[in-house]
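[1] Sequence plus predicted model, see below.
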Amino acid sequence: MSYITVIGAGSWGTTLACLLSDKGYDVTLWAFEKDLVEEINQTRINGIYLPDVTIPDNLKVTNNIEEALKKARYVVNAVPTQYTRLVFKEAAACLNNEAVIISVSKGIERGTLLTVSSILKEMTRHPVTVLSGPSFAKEVIKKLPTAVTLATGDINTGIALQEIFNTQYFRVYTHDDIIGAEMGGALKNVMAIAAGIAESLGLGNNARASLITRGLIEMTRLAVAIGARERTFSGLSGIGDLVLTCTSPLSRNYTVGMKLGQGLKLKEILGLTKSVAEGVATAESAYALSQKYSIEMPIIEQVYKILYEDKDPSLAVKDLMERSLKSEFYG
């Protein structure tokens, strides 16, 4: 069986490592935090991110990046987007020549405005695939039915990875639009913040439905401008992931939005949890991309202003609703 290493022991990385271990693969989970590695090895519990889950005995856990990667045929990157470059400065030199990387992080890097696959390709020169879709870790770890998409540029790699990840409860579809899958996974996090704000303000179900629909338009518009295909956004990594994160408090980004709507400031919110809400940084990157490509993205713009210009959420809603009238479909 293939050696597989998962880089990043957050809730999603740990969940995927458990899924693969349960299938009988030789899996190593790498964590940055030495104390977390010690805790898991001693108790078989990830107390920070999945405290109610018992880690399989056959799952190896280490803080040594070279040890984790030296035999790995497949490397799953579950490091938060803004830390991926830092981790792979060391990890890149430890990859074996045959390694294929599977990116499961959802975001856009600040400054460079790159997706995670682009960061990984730039740093490693290894082939990168993307696993994305509506998949809360807390539900996957309970083996509740989930469907995701695996985007890859090589059909044979896609088929092999589809078999590796697929289970009776975790159904994997293949696709070939890597940029589209990544942009869907990244931008939906910003929309989830907006949805949380709307819920906290008591704006109702009509507003949520409008937000999801118009949010999908914005996501598609930007992604297509940088090379994605429009139809990707009608799939699991587009509308599927968007609906999930915009309708449930299990979403960290939705929860951030809820707290913003309640009047908390961003710094206060980020200090309340160790988990990373990718949409906070991605809002800044997405807004920068919209300016770079001259793409109209009013929801993204208002979320950016709430997060980084301290705009009042109620005023942001007012400004969205009072924009100039236009046709629903244009351009």
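    All right, it came through fine. Numbers count the residues shown, from 1 in each chain.
[2] do you know how far residue 103 is from residue 280?
    20 Å (CB to CB, to the nearest Å). Using the backbone N, CA and C atoms, a C-beta is placed for each residue, glycine as well.
[3] Which of those two has more residues huddled nearby?
    Using other CB atoms under 10 Å, the more surrounded residue of residue 103 and residue 280 is residue 103, with 29 against 22.
[4] What ranges does the stretch 1-150 of the chain have for its strands?
    Assigned by DSSP state E, counting those that start in this stretch, the stretch 1-150 of the chain shows strands spanning 3-7, 26-30, 45-46, 50-54, 60-62, 74-77, 100-103, 128-132, 146-151.
[5] Quick one: mean pLDDT over the fifth one.
    The one in question is strand 60-62. For strand 60-62, mean pLDDT is 97.
[6] partners of that strand in the sheet?
    strand 26-30 (parallel) (DSSP bridges).
[7] And the partner strand, what's buried?
    By 16 or more other CB atoms under 10 Å, the buried positions in strand 26-30 come out as 26, 27, 28, 29, 30.
[8] Now flag whichever of these is closest to residue 43.
    residue 29 (14.4 Å; CB to CB).
[9] so who does that closest one touch?
    5, 6, 9, 13, 14, 17, 40, 59, 60, 61, 62, 68 (CB atoms under 8 Å, 6 or more residues apart in numbering).
[10] For the residue nearest the centre of the chain, give its distance to residue 20.
    Residue closest to the mean C-alpha point of the chain, counted by CA atoms, centre = their mean, is residue 106 at 2.5 Å. Residue 106 sits 19 Å away from residue 20, going by CB to CB.
[11] got it, and residue 118?
    Taking CB to CB, one finds residue 118 at 25 Å from residue 20.
[12] Between the two, which is the more surrounded one?
    Set residue 118 next to residue 20 and count neighbours by other CB under 10 Å: residue 20 wins out with 25 against 18.
[13] Go through stretch 293-309 and flag the buried ones.
    Quick answer for stretch 293-309 (16+ other CB under 10 Å): 295, 297, 299, 300, 301, 302, 303, 304, 305, 306, 307.
[14] Could you point out the longest helix of this structure?
    Counting by DSSP state H, the longest helix found in the chain is helix 178-200.
[15] and the helix or strand following that helix, what other elements does it pack with?
    Proceeding C-terminally, helix 178-200 gives way to helix 205-225 as the next helix or strand, assigned by DSSP states H and E. For helix 205-225, the contact count by 3 or more CB pairs under 8 Å, 6 or more residues apart in numbering; DSSP states H and E identifies helix 178-200, helix 241-245, helix 278-292, helix 298-308 as packing neighbours.
[16] and if we set it to 6 Å?
    helix 178-200, helix 298-308 (3 or more CB pairs under 6 Å, 6 or more residues apart in numbering; DSSP states H and E).
[17] what are the C-alpha coordinates of the first one, in PDB please?
    Once side chains and other backbone atoms are set aside, the C-alpha atoms of helix 178-200 remain, and they are given as PDB (Å, rounded to 0.1, in the frame of the first residue of the first chain):
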ATOM      1  CA  ILE A 178      -7.900  23.000 -10.700                       C
ATOM      2  CA  ILE A 179      -8.200  26.800 -10.700                       C
ATOM      3  CA  GLY A 180     -12.000  26.600 -10.600                       C
ATOM      4  CA  ALA A 181     -12.000  24.100  -7.700                       C
ATOM      5  CA  GLU A 182      -9.600  26.200  -5.700                       C
ATOM      6  CA  MET A 183     -11.300  29.500  -6.300                       C
ATOM      7  CA  GLY A 184     -14.700  28.100  -5.400                       C
ATOM      8  CA  GLY A 185     -13.200  26.700  -2.100                       C
ATOM      9  CA  ALA A 186     -11.500  30.000  -1.300                       C
ATOM     10  CA  LEU A 187     -14.100  32.500  -2.200                       C
ATOM     11  CA  LYS A 188     -17.000  30.700  -0.500                       C
ATOM     12  CA  ASN A 189     -15.300  31.400   2.800                       C
ATOM     13  CA  VAL A 190     -15.700  35.100   2.200                       C
ATOM     14  CA  MET A 191     -19.400  34.600   1.400                       C
ATOM     15  CA  ALA A 192     -19.800  32.500   4.500                       C
ATOM     16  CA  ILE A 193     -18.600  35.500   6.600                       C
ATOM     17  CA  ALA A 194     -21.300  37.600   4.800                       C
ATOM     18  CA  ALA A 195     -23.900  34.900   5.600                       C
ATOM     19  CA  GLY A 196     -23.000  34.900   9.200                       C
ATOM     20  CA  ILE A 197     -23.300  38.700   9.400                       C
ATOM     21  CA  ALA A 198     -26.700  38.500   7.700                       C
ATOM     22  CA  GLU A 199     -27.900  35.800  10.200                       C
ATOM     23  CA  SER A 200     -26.600  37.800  13.200                       C
END
